[in-house]
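**Q** What follows is a predicted structure for the sequence shown.
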Amino acid sequence: MEEYPHPKIPTLVEELRNETLGRREFLRFATLLGLSATAAYSIAGIAMPVGAKADDMPKGGNLRIGMRCMEIKDPHLADFAERSNVIRQVCEYLTFTDRNNITHPYLLEKWEVSDDLKTWTLHVRKDVKWHKGRLLTADDVVWNLKRVCDPAIGSSMLGLFTGYLVEDYDTGEKDSAGNPKKSSRLWSDKAIEKVDDYTVRLNCSSPQIAVAEHLFHYPMFILDPEEKGTFGPGANGTGPFEMTEFTVGKNAKYKARTDYWGTGPYLDTFEFVDLGDNAGAGIAAVASKQVDGLSEADAVQINSMKNFPHVAVYKVETTQTIVARMHPDNELFKDKRVRQAMRFAIDREKVLQTSLLGAGTPAEDHHVAPSHPEYAALPKYPRDIEKAKKLLADAGFPNGFETDMVTRPDPIWELNTAQVLAEQFKDIGVKVNIKSLPSAQYWEVWTKAPFSLTAWGHRPLAVMTLSLAYRSNAAWNESNYSNPEFDKLLTEAEGILDPKKRSVVMAKIEAIMQDDGPIVQPFWRIFSTVMDKKVKGFELHPSQYIFAHQYAIVQA
Amino acid sequence: MALESTVPVMTAAKRPARAKWRRVFRSKTALVGLFLVSFWVVVAVLAPILPLQSPTEPDVMAMASPFPSATHWLGVDILGRDILARLIFGARTVLLVAPLSVAVAMAVGIAMGMVAGYYGGWVDALISRFSDIILAFPVLVLYVVLIANIGPSIINIVIATTIASAPGIGRITRGLVLGLKQQEYVAAAKLRAESTFYIMLVELLPNCRGMLIVDACLRIGYTIITIGILGFLGLGLPPPNPDWGGMVKESTTVLNVWPFMSVEPSIAIVSLVLGFNLLADGLREAWKP
Amino acid sequence: MTRFLCKRLIMMLITMLCASFLVFTVCEFSPGSVARKSLGPFATQQQVDILSKKLRATDPLPVRYSRWLGVLLGVIPDPLQAPDSGLNFTDPRGAQYFGNFGYSTLNKLPVNDVIWDRLKNTAVLAGLAFALIVPLSIIFGILSGLREGGALDRLLSVICITFTSIPEFASGVFLVTLFVILWPLLPGTSQLDPGSGWSIPSQLVLPVAVLVIYDFGYVARMIRVSMIGVMERPFIRTAILKGMNTRQVIFGHALRNAMIAPFTVLLLQINFLVSGVVVTELVFAYPGFGRLLLDASLFGDIATLEAATLVTVAIAVTTQLVGDLGYMLLDPRIRVK
């Protein structure tokens, strides 16, 4: 028998063979536990998706992609896909989760996990060169990991690492309301330790399966410690490009490196071009070939561009979604029957057709997608106006009520969804006034408004979003949702390795969300864009990540 | 210090009111303008009883082919809503907000101008300085800064228009009053010991009437464009109020496949503004001394 | 004359002060603290509070306004650039100098690095538009006003009035449909980027066209009215009756007199062109001053907004002054007191 890197793998193989474990699950878990992707795919009996061969790719040229160029302060604080894309061409991550949710080593050569899932040994590649000259070492990795665990930095990685590398503690001080102030720190001095020049060990306080996936979360860039977290043109990185120019609101320009450790880059130069807020500008730019493609294009824009002879359309199913979320601690939404009524009020297919032109799949109000590995199917419920009205009447609103809904005007599909939903809520007697706020104002109030429409990005695992958004006191719990039963089940689900057992728990979680939860969730979105046909190697990643070193241009 | 307007001021003899209005009807320009404006007013007023589709309800079936058809005479927009209905209901909003804003601005501006022109002295200086400051702001900047900060709503648009337009109206009024206050009938009224208020309202104002009405028409036209611009910038009245400028904004992404979605609201705006501009022009022609 | 100029200069300064104070006050109403905007939406409330305290953002309005004024005049260093604020905001010119407009929370750059480039771009657009508007409107206006009510007048007037009724976004969108998408003759966006395959002049055609279409009609109408007024003046009639060559009459006398009033109107168009171009810049993604102003307003970037306001007001007051001076020079009858 082959020697597997981890004792649990034979169990997984067996479960795969007697079909208690799905193939996707097997691939994900086996690779997380350190099995190479090649081996995992071959055991599972699936052909591994092969990328384009390096030799086949034409070299040279300049690629221009339209994308917002926002200001960048600290890569560890990246919070929007666009920001991470600008940095991503220059700096890299320790691992890489591909579009099939399989995590591969990247700056790492491989990793090993102890049986109890508490000790992770990361082996750093020995051939990675910083573009300013020296080699990547364990010291660099340790510096980066420790930095994101520092609460003073404010990285969202802190939230992910809390529970196994980082702990909350009482600082002993009290805040203005008299409550004890909490802070975070590494649970032990040895939590992140350097073993030798190319090996780092993570000693966790509790078992954690998804470490490798967490290392690919978008702020987890590996930066040069000398630059102390700043980023700009000429910043040092291990990545395939150097940034030569960066102007907020205008563009970002890159030049290819010749000594990159990985495959590619094939382009000579690469650019992001900021086209502003006007949605029509993107189309006009593609039409007149001022850009070769866009970082994203919604269904309406695709509809306009699909007939341009020189572009190809790309689509990918994602777990991007939008939720109309209510505050359960608000007068209007206190009674869970009101929240249920709101869920029964909408016609998901219709919302999908009108605001996304059908580019998506209906969702079930519990923020777990059918494509998520832990999804448990519950009976679906259709639109039921009578039932909704009765629920409202029982809750004390026989004639409905009026409320504001906060949203933002860009991207336009969000505003369109708001308008369509408002129309449907009207049918059960709820009059919704749409308050469309410009971005800056929206982000001021997105967690405070009693009723708001928020878009959530793609996450490979449902438990990631659930713990970010609905766990009591979570950082981004915009709905102020706090249900101890829910929290308990969620923690349980996060700890279960066996997907079948986990499904059972997930079914309970989903049921709670449908019964008591704070959201109305109409759909999961298909993410799409266009790219000139002369671009080869382009693939859409569900998290909107752009990897310019994989793309090449066929010169005419 | 201000530069006087070059348009001739009404002379002392007050023209009989009826003859004034009759002359309007002889001006072709004014008639065309009046027709355009009345068309929209009538349509807007009758909107609730006209057999229209819903302006806010999406028609999913029509979205497959949003072009004008038997059920949707002007087609549907990107969310499947009937464009004709949206244009007509949008007219209601526009024809409410624009004239209202200008009326309020007129009231404030005329008051300012009257007071400044009649009293002169430090009152005049103060009001004029204040007007200069506001007038130094380019109009659009003022609107954007105001609406972006205090939020889009009918009241706020009225406030913004008043702040932006009143000084200009005040200046015109002041100029007129300066010219008029030397007239005999004003002196006569003073001898009669009429109150200042009476003089302003009864003697001076009617003689400014012509100029101010023409100016008002032009301003209404300009305010309609500004409301359209605010809608296009995303600062318009909140959805789903049909907002002509917003309708153009929503359809910029589909110009090459469904250009009618932006052409139709544009034509609506142009026709209404043109109506007011022609009306203003015709009135000015008809009332020339 | 010098006294006159001094007085006007003082007026300009007072106007700018008042305008900036007004903008400060209006921005009070917008939600969002400077601290939150500097740190971004996902920073913790804790960090925002710490920064707010450092910036003393809860001080009363007049105090904060004086502080901004102080930074501008170079009397005090910009608090946002203090090294202990943890924001990494640096200005290569230093934290304290005359003309320090502060730090743009939107662009994360010193305002001085952002504003002048954009102004230059808009000036190019405005300049080109102005260069076209002046001759077009003069021709239309003179030809219309020559024979009031004539066929030519009617035709030109209709064109002018119709064009002034078309808002920029409508003409912009329409032109893009025609010349970019249906007949790809021109670039759809005007980023002023030579690398995009379209020459810079070709990128300017559509935005300038939109501006010219909207504006020349208005000025032409003004000129027409003035021309009509002049043509009716006795001395013109006398000259024609005396048998003077009509052309001589027009170019010799009528024109000069007709241009006096519209002169100011033309100058005022400069104001409009500098900041009213916001819509055109938005439609064509032009990196100009108008868009900067719009973005700053929507974001609540007070520093940039104040700077932009001051610049716009300064331009407006200056053009007014130039207009008055020109008026004085052109019309010997008018002497401003």
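**A** Yep, it's here. Residues are numbered from 1 along each chain as shown, chains lettered A, B, ... in the order given.

**Q** Spell out which parts of the stretch 51-200 of chain C neighbour chain B.
**A** C:157, C:161-162, C:164-170, C:173-174, C:176-177, C:181-182 (Cβ under 8 Å from any Cβ of the partner chain). Where you see a C-beta, it was placed from the backbone N, CA and C, and this is true even at glycine.

**Q** for chain B, what spans make up the helices?
**A** Taking DSSP state H as the criterion, chain B contains helices spanning B:17-26, B:28-46, B:60-63, B:83-119, B:121-136, B:139-150, B:154-180, B:184-191, B:196-198, B:205-232, B:244-250, B:260-286.

**Q** before we move on, back to that, what's the farthest-apart pair in the residues of the stretch 51-200 of chain C next to chain B?
**A** Farthest pair in those (Cβ to Cβ) is C:Ser157 and C:Ile181. Separation: 32.3 Å.

**Q** For those two, work out which one has more neighbours and name it.
**A** C:Ser157 (23 against 19; other Cβ atoms under 10 Å in any protein chain shown).

**Q** hang on, that one in a helix?
**A** Yes: counting by DSSP: H, G, I helix; E, B strand; the rest coil, C:Ser157 is found in a helix.

**Q** so it touches C:Arg224, yeah?
**A** Yes: using Cβ atoms under 8 Å, C:Ser157 is in contact with C:Arg224, at 7.2 Å.

**Q** Could you tell me which residues touch both of those two?
**A** Common neighbours of C:Ser157 and C:Arg224, using Cβ atoms under 8 Å, 6 or more residues apart in numbering or on different chains, are C:Ser144.

**Q** Report the buried residues of stretch C:188-207.
**A** C:188-193, C:196, C:198, C:203-207 (16 or more other Cβ atoms under 10 Å in any protein chain shown).

**Q** hey, which strand is longest across chain A?
**A** Counting residues, the longest strand found in chain A (DSSP state E) is strand A:311-326.

**Q** Who does that strand pair with, and is each partner parallel or antiparallel?
**A** Applying DSSP bridges, strand A:311-326 is found paired with strand A:451-456 (antiparallel), strand A:519-520 (antiparallel), strand A:523-532 (antiparallel).

**Q** Now do the shortest one: everything it contacts.
**A** Taking contacts as Cβ under 8 Å, 6+ apart, the residues outside strand A:519-520 that touch it are A:323-326, A:342-343, A:345-346, A:365, A:367, A:421, A:479, A:513.

**Q** Closest one to chain B out of those residues, please.
**A** A:Leu421 (10.8 Å; Cβ to the nearest Cβ).

**Q** That closest one: which element?
**A** Assessed by DSSP states H and E, A:Leu421 sits inside helix A:412-426.

**Q** quick one: average confidence on that helix?
**A** Mean pLDDT, computed over helix A:412-426, is 89.

**Q** What angle do strand A:311-326 and it make with each other?
**A** Angle, helix A:412-426 to strand A:311-326, by axes from the mean of the first three to the mean of the last three Cα atoms, to 10 degrees: 40 degrees.

**Q** How about helix A:412-426 and chain B, any contact?
**A** Yes: Helix A:412-426 reaches chain B (Cβ under 8 Å from any Cβ) through A:Ile412, A:Leu415, A:Asn416, A:Ala418, A:Gln419, A:Val420, A:Ala422, A:Glu423.

**Q** ok, and for stretch A:15-24, which residues are buried?
**A** A:Glu15, A:Leu16, A:Leu21, A:Arg24.

**Q** My read is that C:Tyr214 contacts C:Ser165, right?
**A** No: taking contacts as Cβ under 8 Å, C:Tyr214 lies outside contact range of C:Ser165: 9.3 Å.

**Q** Which residue ranges of the stretch 301-450 of chain A form strands?
**A** A:311-326, A:360-362, A:401-407, A:430-436 (DSSP state E, counting those that start in this stretch).

**Q** Serialize those strands to CSV and add fields for mean neighbour count and mean pLDDT.
**A** Below are these laid out as CSV (neighbours: other Cβ atoms under 10 Å in any protein chain shown; pLDDT from 0 to 100):
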stretch, mean neighbour count, mean pLDDT
strand A:311-326, 21, 91
strand A:360-362, 19, 91
strand A:401-407, 18, 89
strand A:430-436, 19, 88
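
**Q** Which positions in the stretch 201-337 of chain C make contact with chain A?
**A** Taking Cβ under 8 Å from any Cβ, the part of the stretch 201-337 of chain C that reaches chain A is made up of C:Leu282, C:Val283, C:Phe284, C:Ala285, C:Pro287, C:Arg291, C:Asp295, C:Leu298, C:Phe299, C:Gly300.

**Q** Give me the pLDDT for whatever residue of the stretch 401-550 of chain A ends up closest to chain B.
**A** When scored by Cβ to the nearest Cβ, the stretch 401-550 of chain A has A:Pro409 as its residue closest to chain B, at 4.5 Å. In this prediction, A:Pro409 carries a pLDDT score of 80.

**Q** Repeat that for A:Thr95.
**A** pLDDT at A:Thr95 comes out at 91.

**Q** Please apply the same query to the one 5 residues further on.
**A** The per-residue pLDDT reported for A:Asn100 equals 79.

**Q** Quick check: closest non-adjacent residue to it.
**A** A:Pro49 (7.0 Å; Cβ to Cβ, 6 or more residues apart in numbering or on different chains).

**Q** hang on, the one you found in a strand?
**A** No: per three-state DSSP, A:Pro49 lies outside any strand segment and is coil.

**Q** thinking it is in contact with A:Ile102, fair?
**A** No: if you go by Cβ under 8 Å, A:Pro49 and A:Ile102 don't touch, sitting 9.2 Å apart.

**Q** Those two: which is more packed in?
**A** Using other Cβ under 10 Å as the criterion, A:Pro49 and A:Ile102 rank with A:Ile102 on top: 21 against 12.

**Q** Could you verify my assumption that that one touches A:Thr31?
**A** Yes: if you go by Cβ under 8 Å, A:Ile102 and A:Thr31 touch, sitting 5.4 Å apart.

**Q** Find the residues that touch each one of these two.
**A** With Cβ under 8 Å, 6+ apart, A:Ile102 and A:Thr31 have common neighbours A:Ala37, A:Ala40.

**Q** quick one: average confidence on stretch A:329-337?
**A** pLDDT averaged over stretch A:329-337 gives 87.

**Q** For A:Val406, see how far away the residue of the stretch 301-450 of chain A found nearest chain C is.
**A** Scanning the stretch 301-450 of chain A for the residue nearest chain C gives A:Trp443, at 3.4 Å (criterion: Cβ to the nearest Cβ). Going from A:Trp443 to A:Val406 by Cβ to Cβ, to the nearest Å gives 11 Å.

**Q** can you check A:Ser482 too?
**A** 21 Å.

**Q** Ok, C:Val111 next?
**A** Distance of C:Val111 to A:Val406, computed by Cβ to Cβ: 30 Å.

**Q** so who does residue 286 touch?
**A** Unless you meant another one, I'm taking chain A. A:Gly66, A:Gly293, A:Leu294, A:Met305, A:Phe308, A:Val311, A:Val530, C:Gly188.

**Q** looking at chain C here, not the other one
**A** Taking Cβ under 8 Å, 6+ apart as the test, what C:Tyr286 contacts is C:Asn121, C:Leu125, C:Thr189, C:Ser190, C:Gln191, C:Leu192, C:Pro207, C:Thr280.

**Q** if we go to 7 Å?
**A** Counting by Cβ atoms under 7 Å, 6 or more residues apart in numbering or on different chains, C:Tyr286 touches C:Asn121, C:Leu125, C:Ser190, C:Pro207, C:Thr280.

**Q** Make sure it is indeed in a strand.
**A** No: C:Tyr286 is assigned coil when assessed by three-state DSSP, not a strand.

**Q** Check which helix or strand A:His131 maps to.
**A** Applying DSSP H and E, one finds A:His131 in no helix or strand.

**Q** from what I can see it touches A:Phe241, true?
**A** No: contact criterion Cβ atoms under 7 Å: A:His131 and A:Phe241 do not qualify, at 8.7 Å.
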